[in-house]
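Colleague: A structural model of the following input is requested.
(2 chains)
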Number of protein chains: 2
Amino acid sequence: MYLGLLEQYKKELPITENTPMVSLQEGNTPLIYAGEISKRVGAKVYLKYEGMNPTGSFKDRGMVMAVAKAMEEGSEAIICASTGNTSASAAAYAARSGLKCIVLIPEGKIAQGKLAQAYMHGATVISIEGNFDKALEIVKSISKKHPITLVNSINPYRIQGQKTAAFEVCDQLEKAPDYLAIPVGNAGNITAYWQGFKEYYRQGLTDKKPRMLGFQAEGASPIVQDEAVEHPETIATAIRIGNPASWEKAKEALRESQGMIDSVSDEEITEAYHLLARQEGVFVEPASAASVAGLLKNYKKLGLTQEDTVVCVNTGNGLKDPNYAISTIKEKPEVVPATEKEILKRIL
Amino acid sequence: MYLGLLEQYKKELPITENTPMVSLQEGNTPLIYAGEISKRVGAKVYLKYEGMNPTGSFKDRGMVMAVAKAMEEGSEAIICASTGNTSASAAAYAARSGLKCIVLIPEGKIAQGKLAQAYMHGATVISIEGNFDKALEIVKSISKKHPITLVNSINPYRIQGQKTAAFEVCDQLEKAPDYLAIPVGNAGNITAYWQGFKEYYRQGLTDKKPRMLGFQAEGASPIVQDEAVEHPETIATAIRIGNPASWEKAKEALRESQGMIDSVSDEEITEAYHLLARQEGVFVEPASAASVAGLLKNYKKLGLTQEDTVVCVNTGNGLKDPNYAISTIKEKPEVVPATEKEILKRIL
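Modeller: Presented below is the predicted three-dimensional model:
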C-alpha cells in the first residue's frame, strides 16, 4: 500500500528516526497524456496533475515534510501567508497532526474553495489589509520572535518535499522529460523540480535533465521583467506574486537548464484553461493553465519535434475556484419544463 | 506507470480487444487511517477517499467503463440525470473522448463545483423543473428512442467499473475489511462494492467478505423506511434520492452480507463532516460523511473490537461544494490592519 511521500522517498528526504511519518497519501499523482495539446505542438505532451493531491494542489508535497519536521522539533503551531493553496494544505496537515495553524491572507484575494478548506480544517484565518508580500513579511517576523514554525516556501523543508514531484515524473516516464513547463509565482516549485531532476541525474537514475520552461502571468511577471511588481494583477490568483521568495533560485534553474522564462496574458491562460477541460478532460485552476499557455505560445520558438517529451505541471484543482469557472462560461443554466419534448428541442 | 482502472483491472472488467482504453488515471485512491475515529469506535478505521478521483468523486470508476463501452458500440453522445457528481464525471470523460454530453439536473439542487465541472467540460446542461427521479425518467425514455447512450447507474457498465473500489480496498489492506460503511443514495455504489467483494472472494483473493453498512440521510431514506420518498430532503445533496435505481440490489447486498441499513440526521452528517476535516485532515462533501456518521451512531450496537477493520467510503471531495462548507462555519473572516501587533493580538 502506498503510504505517502515521506515513506516513498524516505532516502531522498531529510528524515531521521525521530521524524513522525505524517501522511494524507499525498503525491503519487497522475501523469496524463494530452492528445490534443500533443497534436498542436508536435511533441508528446503529458500533464502532471497535481490537483490530485489530498488538498487539491502540489503544496501538499512540501507541507507534509514541513509539518513533520515542525513536529520533530517540538513545535505546536505553524503559520503562513497565502493566496490560498498553502493555507489549505497547512490547515489540513495541522489538523491531522494536532498542531495549531494560523494563516494570513490578502484581503479578498482568495478563491472560495481555498478559504473553505482553511476554515473546515480549523485554522485561524486572518485577512489583512495588504497583499501577499506584506502578509509574508509579517509572518516571517512573528515566527522569528515566537515559537511558531513558518511553513511558507522559505521553510527549506518545503522545497525538499516538493522535489519529489520531479522524482515521480521520472519514475512514471522511466526517464527524464526533455522539457518541464511550469507556472511561476513565488518560484518555489520551479526551484524544487530542478533540484529533484538534478538529484536523480546525479544518482544515475536518469541520463539527462530537462530544460525548464517557467511561465508567469503578464501582470505578475517580476522575473521576466527583472523587476519586482508592486501591484501584481492576474486572474491566476495562485501566481499573483510581485516579489518571489525563490527568485534567485529560479534564475539559477533557468540558467543551469538552458531554460526559458516568459509571460502569458490572462486571455492566453483562460484559453488554455478551457482547452484543458474541454479537450483533455482535466479541470485545473487558472494558474495551472499557465504552463500549457506558455507551451502553446512558445512551441515554435523551442523547435519541438515528435521525439520530444514535454511535461506540463498543472499545480491545482479546478474545484478550488468554481465561482471563477462559472464566470468564464457564456452559456447560462436554462430551467425548462420537465417534459421529454422540451428536452429534445434543446439537444437534437 | 499506473494507467487507470481499465488497464489495472482489465481481466475483471468487460473489456474486449475493441474497447478503447479511456483513462484519466481514475482509481488508485488513498486508504487513509483515521486515528481519531478509530479511537472513538474502538476499531481500526480507514477512509477510502474517493474524492481523489479525477473529477473528485467515485463516479469516475463507473463512468470510464461506461464511456469506453459507449465508444466501442459506436455511440457519439451520452446522457444522464444527475444531482451533480455523475454529470461532472460524464462531462469530463466525454470531453476527453470526443463525445457529446447532455446532462439533466434538478433545478437549483446542484453544488456550485459540480455545475462548474459540467460546464467547463463542455456538456449541454439542462436544468429541469422537477427532481432527480423525474430527470432520470426523461433521460431513460430519450435514450430508448435515440442513439444516445444512457450513463446513469442503470447502465450496467457503471457498476462494473465501480466494483474496482472493493478490489482496491482489499489490495490495499491485503485482506477484506470486516465492515464496509457507505453512504446510500441511488444505491449503485453499495451494489458495486458488494459485487467486487464477492468476486475477489470467489477467486480466493480474500478469505472473507465484509458486512455492508449502508447509511441514508434521514430525509431521503426510502430503503430504511421501505417506501419511496416523494420529496427527499437533506443537506447531503449527492444522496438526496427518493427512489433508488438499485434498491433491490442494495437489499440483496445487505441480506447476503448480514449487513445493516440505517439513517443519519443532517446534524449527525454535519458533525461527521467537521470531524473528518478538523481531526483527520480529510475534507469531503457532506454526503460522504454519512458513512462516518452512521458508524459513530452504530458502533456500540455492532460490538466492534480492536481486531476489527472498518473501511468508511468517502464518496466525494469537499471542494465540490465550498459555499456549503463556508455556510457551516461560525467564524467569519476578519479583515485587520496589516501590522504585526494586530495579528499578534489575535493569535497569542
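Colleague: how far out from the middle of the chain is stretch A:234-250?
Modeller: 11 Å (C-alpha atoms, centre = their mean, to the nearest Å).
Colleague: Let me fix that, I meant to ask about stretch A:220-227.
Modeller: The answer for stretch A:220-227 is 19 Å, by C-alpha atoms, centre = their mean.
Colleague: what distance separates the start and the end of it?
Modeller: 10 Å (C-alpha to C-alpha, to the nearest Å).
Colleague: Likewise for stretch A:14-24?
Modeller: 19 Å.
Colleague: wait, does it contact chain B?
Modeller: Yes. Stretch A:14-24 comes into contact with chain B (C-beta under 8 Å from any C-beta of the partner chain), by way of A:23, A:24. (Glycine included, C-beta is placed from N, CA and C.)
Colleague: what does stretch A:102-111 give?
Modeller: Yes. Contact between stretch A:102-111 and chain B is present through A:102, A:104, A:105, A:107 (criterion: C-beta under 8 Å from any C-beta).
Colleague: quick one: contacts of that stretch?
Modeller: A:77-84, A:86-87, A:90-91, A:115, A:118, A:123-132, A:134-135, A:138-139, A:148, A:237, A:240, A:285, A:320-321, A:323-324, B:333, B:335, B:343, B:347 (C-beta atoms under 8 Å, 6 or more residues apart in numbering or on different chains).
Colleague: Return the subset of these lying in strands.
Modeller: By the criterion of DSSP state E, membership of those in strands covers A:77, A:78, A:79, A:80, A:81, A:124, A:125, A:126, A:127, A:128, B:335.
Colleague: returning to what we had before: turn the residues of stretch A:102-111 next to chain B into TSV, including pLDDT.
Modeller: Output for these, formatted as TSV (pLDDT from 0 to 100):
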residue	pLDDT
A:102	97
A:104	95
A:105	90
A:107	83
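Colleague: touching chain B at all, the lowest-mean-pLDDT helix or strand in chain A?
Modeller: With mean pLDDT, DSSP states H and E as the measure, the helix or strand of chain A carrying the lowest mean pLDDT is strand A:334-336 (a mean of 87). Yes. Strand A:334-336 lies in contact with chain B when judged by C-beta under 8 Å from any C-beta; the contacting residues are A:334, A:335, A:336.
Colleague: quick one: strands adjacent to that strand?
Modeller: Based on DSSP bridges, the strands next to strand A:334-336 in the sheet, each with its direction, are strand B:124-128 (parallel).
Colleague: How about the contacts made by residue A:295?
Modeller: When the contact criterion is C-beta under 8 Å, 6+ apart, the partners of residue A:295 are A:37, A:41, A:45, A:179, A:181, A:213, A:310, A:312.
Colleague: Now the helix or strand it falls within: buried residues?
Modeller: In this structure, residue A:295 is located in helix A:290-302 according to DSSP states H and E. Across helix A:290-302, burial judged by 16 or more other C-beta atoms under 10 Å in any protein chain shown covers A:290, A:291, A:292, A:293, A:294, A:295, A:296, A:297, A:298, A:299, A:302.
Colleague: give me every residue that touches the fifth one.
Modeller: It refers to residue A:294. Contacts for residue A:294 (C-beta under 8 Å, 6+ apart) come out as A:181, A:213, A:214, A:215, A:262, A:264.
Colleague: Could you export those residues as a markdown table, including neighbour count, distance to residue A:224 and secondary structure?
Modeller: What follows is the contacts of residue A:294, written out as a markdown table (neighbours: other C-beta atoms under 10 Å in any protein chain shown; distance: C-beta to C-beta, whole Å; DSSP: H, G, I helix; E, B strand; the rest coil):
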| residue | neighbour count | distance to residue A:224 | secondary structure |
| --- | --- | --- | --- |
| A:181 | 30 | 15 | strand |
| A:213 | 26 | 12 | strand |
| A:214 | 29 | 9 | strand |
| A:215 | 33 | 9 | strand |
| A:262 | 19 | 6 | strand |
| A:264 | 28 | 10 | strand |
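Colleague: Mind putting those into JSON lines with distance to chain B and pLDDT?
Modeller: Converted to JSON lines, the contacts of residue A:294 look like this (distance: C-beta to the nearest C-beta, whole Å; pLDDT from 0 to 100):
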{"residue": "A:181", "distance to chain B": "19", "pLDDT": "98"}
{"residue": "A:213", "distance to chain B": "22", "pLDDT": "98"}
{"residue": "A:214", "distance to chain B": "25", "pLDDT": "98"}
{"residue": "A:215", "distance to chain B": "21", "pLDDT": "98"}
{"residue": "A:262", "distance to chain B": "26", "pLDDT": "98"}
{"residue": "A:264", "distance to chain B": "19", "pLDDT": "98"}
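Colleague: ok, so of those residues, who is nearest residue B:15?
Modeller: Nearest to residue B:15 among those: residue A:181, at 33.6 Å, using C-beta to C-beta.
Colleague: does that closest one really touch residue A:292, like I thought?
Modeller: Yes. Distance between residue A:181 and residue A:292: 7.3 Å, which falls inside the contact criterion (C-beta atoms under 8 Å).
Colleague: any residues in contact with both of the two?
Modeller: The contact sets of residue A:181 and residue A:292 overlap at residue A:312 (C-beta under 8 Å, 6+ apart).
Colleague: hang on, the earlier thing: can you redo the residues of stretch A:102-111 next to chain B as TSV with neighbour count, secondary structure and distance to residue A:156?
Modeller: Listed next are the residues of stretch A:102-111 next to chain B as TSV, based on neighbours: other C-beta atoms under 10 Å in any protein chain shown; DSSP: H, G, I helix; E, B strand; the rest coil; distance: C-beta to C-beta, whole Å:
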residue	neighbour count	secondary structure	distance to residue A:156
A:102	23	strand	20
A:104	28	strand	21
A:105	25	strand	23
A:107	15	coil	29
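Colleague: Name the nearest residue to whatever residue of the stretch 151-300 of chain A ends up closest to chain B, sequence neighbours excluded.
Modeller: Closest to chain B within the stretch 151-300 of chain A is residue A:281: 3.1 Å, counting by C-beta to the nearest C-beta. Using C-beta to C-beta, 6 or more residues apart in numbering or on different chains and skipping the chain neighbours, the partner closest in space to residue A:281 is residue B:96 (3.1 Å).
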